[in-house]
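Colleague: need a structure here:
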Amino acid sequence: MTTSIGILHPGEMGISLAATALNTGMDVYWCSAGRSGASSERANDLGIHSLNSLEALCNTCEILISVCPPHAAMNVADEVIACNYQGIYADVNAIAPTTVKTIAASMANAGIEFVDGGIIGMPATQHGTTWLYLCGNSADKVASCFSGGPLETSVLGPEIGKASGLKMCFAANSKGTAALHTAILATAETMGVRDALEKQWAIYTPGFTEKSQARIRQVARKAWRFSGEMKEIAATMEAAGLPREFFDAAAQVYERQKSLKDAGQEPEIEEILEKVTKK
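Modeller: Prediction:
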């Protein structure tokens, strides 16, 4: 039996989830009200059904998948609750388990079945590159909507918080390390020792400089949303009894790059370092 799924919202990652759901034979919808032209173009190109209000989406879909910037996750959940939605709501955003549990409690009070999710990897374009981890009582039902690939799914059990916790720990390394390397290079640049540092890196680990710079340039245009993700990781660390300050600082490193959001191509490393050193 075909399941109707709503995607909130079809950005680059959301549209890849929508594509996998379509591959699986699901009916996929989105709400076009208030969304950007780029979102509309992505949705139209893929052929997912457009509805003109969130209320219509809530009345149509058995499952809603929230894919939005971390700072917007709670607002999106509150808007869905306000529509008296009664289906399954899967939050797959990059947010801390404490944030997830707050949303889950609000959903439970409203009679909505909640699933915790975390996405690891870039937007899914081929098998074996992107994973959706899920937990909650209805996690298996959500996972079954994405069996057609290329997105991989894995259910971690019924306990809310595990999927988001895994995502936080993974991103703490991948995106946290990129922020650390950015700060190190920016500091070396201001002291006039960047050349010497990169040569020393090459001696100890051949290819390290090139890989690090490639990652820094790759994430720069998404820094506007990674700053919020770093704050969620900081909250995750704090809840586990660990210092949060490193990831609060990483959030600042990404915040200083937010103007690169609309860059037409990956910015050069010098431009990124200049942004980071300007307070």
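Colleague: helices and strands around the longest helix along the chain, which ones?
Modeller: Under DSSP state H, the helix in the chain containing the largest number of residues is helix 162-191. Other helices and strands packing on helix 162-191, by 3 or more C-beta pairs under 8 Å, 6 or more residues apart in numbering; DSSP states H and E, are helix 97-109, strand 113-120, strand 131-135, helix 194-204, helix 208-220, helix 223-239, helix 245-255, helix 269-277. Any C-beta I mention is one placed from the backbone N, CA and C, and that applies to glycine too.
Colleague: how much distance is there from it to the middle of the chain?
Modeller: Offset of helix 162-191 from its chain centre (C-alpha atoms, centre = their mean, to the nearest Å): 15 Å.
Colleague: what angle sits between it and helix 97-109?
Modeller: Per axes from the mean of the first three to the mean of the last three C-alpha atoms, to 10 degrees, the angle that helix 162-191 makes with helix 97-109 is 140 degrees.
Colleague: Show the model's pLDDT score for the residue lying closest to G161 once chain neighbours are set aside.
Modeller: The shortest distance from G161 to any non-neighbouring residue, by C-beta to C-beta, 6 or more residues apart in numbering, is to P97 (3.6 Å). Turning to P97, the model gives it a pLDDT of 98.
Colleague: cool, and the one 10 residues further on?
Modeller: Note for M107: predicted pLDDT of 97.
Colleague: Could you measure from it over to C145?
Modeller: Going from M107 to C145 by C-beta to C-beta, to the nearest Å gives 18 Å.
Colleague: So the protein: which segments form each domain?
Modeller: Using automatic domain parsing, the domain parsing of the chain gives 4-158, 165-277.
Colleague: Would you mind finding the most buried of those?
Modeller: domain 4-158 (a mean of 19; mean count of other C-beta atoms under 10 Å).
Colleague: Could I get the full set of strands for the stretch 1-150 of the chain?
Modeller: 4-8, 27-31, 49-51, 63-66, 88-91, 113-120, 131-135 (DSSP state E, counting those that start in this stretch).
Colleague: would you list those in JSON lines and tack on distance to G264 and mean pLDDT?
Modeller: As requested, the strands of the stretch 1-150 of the chain are arranged in JSON lines below (distance: least, C-beta to C-beta, whole Å; pLDDT from 0 to 100):
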{"stretch": "strand 4-8", "distance to G264": "26", "mean pLDDT": "95"}
{"stretch": "strand 27-31", "distance to G264": "26", "mean pLDDT": "94"}
{"stretch": "strand 49-51", "distance to G264": "27", "mean pLDDT": "92"}
{"stretch": "strand 63-66", "distance to G264": "29", "mean pLDDT": "98"}
{"stretch": "strand 88-91", "distance to G264": "32", "mean pLDDT": "98"}
{"stretch": "strand 113-120", "distance to G264": "26", "mean pLDDT": "98"}
{"stretch": "strand 131-135", "distance to G264": "30", "mean pLDDT": "97"}
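Colleague: closest to Q265 out of these?
Modeller: strand 113-120 (24.6 Å; C-beta to C-beta).
Colleague: re the thing from before, can I get the helices and strands packed on helix 162-191 in a markdown table including distance to D45?
Modeller: Below are the helices and strands packed on helix 162-191 laid out as a markdown table (distance: least, C-beta to C-beta, whole Å):
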| stretch | distance to D45 |
| --- | --- |
| helix 97-109 | 31 |
| strand 113-120 | 21 |
| strand 131-135 | 22 |
| helix 194-204 | 41 |
| helix 208-220 | 24 |
| helix 223-239 | 22 |
| helix 245-255 | 29 |
| helix 269-277 | 30 |
